[in-house]
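Undergrad: curious how this folds, go ahead:
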Amino acid sequence: MLKVLPIQTKAEQEELCRKCNVKFDPDLLAYSATVDDRLAGICQFKLTDKGGIIYDIAPAKDFYSFDALFVMGRGALNFIDLCGVHNAIYKGDIEDERLLLAIGFKKDSAGDFSINLEGFFTDHCH
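TA: A predicted model of the protein is given here:
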């Protein structure tokens with residue numbers, strides 16, 4: 001079973017960052033994804049007055065699940081949108097550009113990834 005849940009403690013976030021080979025930042029919010037209780041990945045992000053910023057959508061070192069990372073990325077964007085922030089950017093390492101595009105990010109001419117969340121989760125064409 002796929003589960004995407006907010007990480008409840010900074011100690012857990014730090015441990016999961018280590019297991020996903022990403023830098024732990026205690027100022028960021030985070031979700032974890034598991035498949036059949038096996039860690040699939042972590043997503044660290046924050047909300048700012050200019051929009052949401054996702055810093056990591058990273059797989060576990062020993063397990064890759066495109067579907068789990070996709071759902072986790074969409075979950076983070078949905079949370080950002082529900083908080084009244086309707087745009088987001090991705091600032092992390094890009095290991096799988098297909099994943100970011102599937103989640104809904106658009107790549108601009110400078111190679112940056114962003115998304116406008118206005119209606120993204122209420123219109124059925126996304």
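
Undergrad: rest of the way, CA atoms for contacts and neighbours
TA: Will do.

Undergrad: and the residue of the chain most remote from its centre, backbone torsions?
TA: With distances taken from the mean C-alpha point of the chain and given as Cα atoms, centre = their mean, the most distant residue is residue 109, at 22.2 Å. Main-chain dihedrals, residue 109, degrees, to the nearest 10: phi -60, psi -20.

Undergrad: so how far is residue 116 from it?
TA: Distance, residue 109 to residue 116, using Cα to Cα, to the nearest Å: 16 Å.

Undergrad: residue 107 too?
TA: Residue 107 is 12 Å from residue 116, by Cα to Cα.

Undergrad: show me the contacts for the nearest residue to residue 60 once chain neighbours are set aside.
TA: The shortest distance from residue 60 to any residue other than its chain neighbours is 4.2 Å, reached at residue 20 (Cα to Cα, 6 or more residues apart in numbering). By Cα atoms under 8 Å, 6 or more residues apart in numbering, residue 20 lies in contact with 41-42, 58-61.

Undergrad: weed out the non-buried ones from those.
TA: 41-42, 58-60 (16 or more other Cα atoms under 10 Å).

Undergrad: residue 31 falls within a strand, correct?
TA: Yes. According to DSSP: H, G, I helix; E, B strand; the rest coil, residue 31 belongs to a strand.

Undergrad: once you drop chain neighbours, what's closest to it?
TA: residue 6 (4.2 Å).

Undergrad: against residue 82, how distant is that neighbour?
TA: For residue 6, the distance to residue 82 - Cα to Cα - is 15 Å.

Undergrad: next: residue 117.
TA: Counting by Cα to Cα, the separation of residue 117 from residue 82 is 10 Å.

Undergrad: compare those two and say which is more crowded by neighbours.
TA: Neighbours were counted for residue 117 and for residue 82 using other Cα atoms under 10 Å; residue 117 has more, 20 against 12.

Undergrad: and the helices in the protein, which stretches?
TA: In the chain, the helices defined using DSSP state H lie at 10-19, 66-82, 97-103.
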